[in-house]
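Novice: structure for this input, please:
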Amino acid sequence: MLKNFGEALRSAFKKIANAPFVDKDLVKEVIRDIQRALIMGDVNVKLVLDVSKKIEKRALEERPLPGMSNREHVLKILYEELAGILGKGRELPLKKQKIMLLGLYGQGKTTTCGKLAKYFQKKGMRVALIAGDVHRPAAYEQLKQIGEKINAPVYGNGRDAIKVVKEGLEKFAKYDIIIIDTAGRHALEDDLINELKNIAKIVQPEEKILVIDASTGQQAGKQAKAFNDAVGITGVILTKMDGTAKGGGALSAVAETGAPIIYIGTGEHMDDLEKFDATRFLSRLLGMGDLQTLLEKAEEAMKGKEKKIEETAKKMMSGKFTLLDMYEQMELLTKMGPFHKIAELLPFGGKLKDEEVYETQKKLKKFKVIMDSMTRKELENPSIIKSSHIKRIARGAGVDTKDVKELLRHYNMSKKMMKSLSSRKMQKKLLKQFKMPLS
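Specialist: I've put the predicted structure just below:
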């Protein structure tokens, strides 16, 4: 995500972190590097100059907190000021509500309806969709297909937007969340404003969310302001943040309008919607990872399996670690999403080369296929796997015997690592951290 922008910022932070001492000249040099990085990331020049002045003033005039070195103090200031220009996010409450999505053509509004619906479904809420865009050909069909994919009902297929919305609200009155897709235009025209105002009057939505393509860059701020002036928006979702160099510009531009960025779209799948948090986002840009989001993804994947995972963790810490346990770990990892996105959340995971991430994901898939070719007895007691077993497993999985041997090597290394954690002292420490009783 915004790879070059992130690398340029990381380079500036490194200069401070690796410097033997911090003086006025170094501060000015780092500020120039940050200015270049921000401008490269399409952040507004005036905003770049404003934040540069703030950083310089604070770095040269503020005294470090007790116990903090001058170097740590300057790094903290850089982090706070950069997070500040990205704005403060907010999260939609988990309550019965109606949500209206607005935006121009081609911004990803209809797809975002599905992503938002899936987000609430994962929180245990019943969600329904209304196709309020009666102008764009196949808009209803697109929303209907999305609804089928995520198992959410869709109402629409009419020519009068007001009538469609009214009937949809009546039909879905018992649902927790009703999401209304609306029409767009190539520009914010009078007829679009009037239609949105009329729909809003009928719906009385708790949320009016503007959807903007992040590649819009600095123009995103103008769009946000125009829609806010016209109908009053309660938040913004930025789409296509996974592959745009202008994402920094869109984030900072929207933040300037005061409209809170609620979520960012990070891919094409229905699960690719993340809560926006400036400090987490910046942490990932700087290669420091985002462990909070990683934990949330893990919690989501573990839902309903807490007891099983607790049992597995205890077994692992007692040194009893089987291939079956390793298989379950891989299953959990798969449910957390594509490996390259998980890698982004790990400290310095963003530094992994694309081919390294691809190879790791390929290897994990291969390992799972190999384990699918094993018997339950072999999975539970890998020590019984001899040469004849390896040949049979390789044939069944459609791989070479060396691939099966590589899996077994990987398993044995993992088991050794688990044994090193199996001392009573280490168990107590880890189990206490995860709030599990020691048996």
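Novice: and for the spatially closest residue to N44 that is not a sequence neighbour, the neighbour number?
Specialist: Nearest non-adjacent residue to N44, counting by Cβ to Cβ, 6 or more residues apart in numbering: Q218, 5.5 Å away. The way it works is simple: take the backbone N, C-alpha and C, and place the C-beta from them, glycine included. Residue neighbour count, defined by other Cβ atoms under 10 Å, stands at 19 for Q218.
Novice: residues contacting Q218?
Specialist: Contact analysis of Q218 by Cβ atoms under 8 Å, 6 or more residues apart in numbering lists D42, V43, N44, K246, G249, A250, S252, A253.
Novice: please apply the same query to H186.
Specialist: Applying Cβ under 8 Å, 6+ apart to H186 gives the contacts L104, Y105.
Novice: could you do T279 as well?
Specialist: Going by Cβ under 8 Å, 6+ apart, T279 touches Y79, A83.
Novice: tell me the domain boundaries of this structure?
Specialist: Split into domains by automatic domain parsing, the chain comes to 3-85, 97-282, 294-433.
Novice: dump the ones you listed into JSON lines; add mean pLDDT and distance to E91 as well.
Specialist: Output for those, formatted as JSON lines (pLDDT from 0 to 100; distance: least, Cβ to Cβ, whole Å):
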{"stretch": "domain 3-85", "mean pLDDT": "83", "distance to E91": "17"}
{"stretch": "domain 97-282", "mean pLDDT": "88", "distance to E91": "6"}
{"stretch": "domain 294-433", "mean pLDDT": "70", "distance to E91": "11"}
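Novice: what about the residue lying closest to M270 once chain neighbours are set aside, how many residues nearby?
Specialist: Distances taken as Cβ to Cβ, 6+ apart put K118 closest to M270, at 4.5 Å, once the chain neighbours are dropped. Neighbours of K118 under the rule other Cβ under 10 Å: 20.
Novice: wouldn't K118 be in contact with G265 here?
Specialist: No. Using Cβ atoms under 8 Å, K118 makes no contact with G265, being 11.8 Å away.
Novice: please enumerate the shared neighbours of those two.
Specialist: Common neighbours of K118 and G265 (Cβ under 8 Å, 6+ apart) are L273.
Novice: what does the host helix or strand of K391 contact?
Specialist: Assigned by DSSP states H and E, K391 falls within helix 387-397. The contact list for helix 387-397 (Cβ under 8 Å, 6+ apart) reads 366, 369-370, 372-374, 378, 385, 400-401, 403-405, 408.
Novice: out of these, list just those in helices.
Specialist: K366, V369, I370, D372, E378, T401, D403, V404, K405, L408 (DSSP state H).
Novice: which one (most neighbours) among these?
Specialist: Comparing the ones in helices among the contacts of helix 387-397 on neighbour count, V404 comes out first with 26 neighbours (neighbours: other Cβ under 10 Å).
Novice: which residues does that one contact?
Specialist: Residues near V404 by Cβ under 8 Å, 6+ apart: I370, I390, I393, A394, A397.
Novice: repeat that with 10 Å
Specialist: V404 is in contact with 366-367, 370-371, 373-374, 385, 389-397, counting by Cβ atoms under 10 Å, 6 or more residues apart in numbering.
Novice: of the residues you listed, grab the buried ones for PyMOL.
Specialist: Buried residues among the contacts of V404 (16 or more other Cβ atoms under 10 Å), as a PyMOL selection:
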select buried, resi 366+367+370+371+373+374+385+390+392+393+394+397
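Novice: quick one: which of the contacts of V404 is nearest D191?
Specialist: Of all those, D191 sits closest to K366, with 55.7 Å by Cβ to Cβ.
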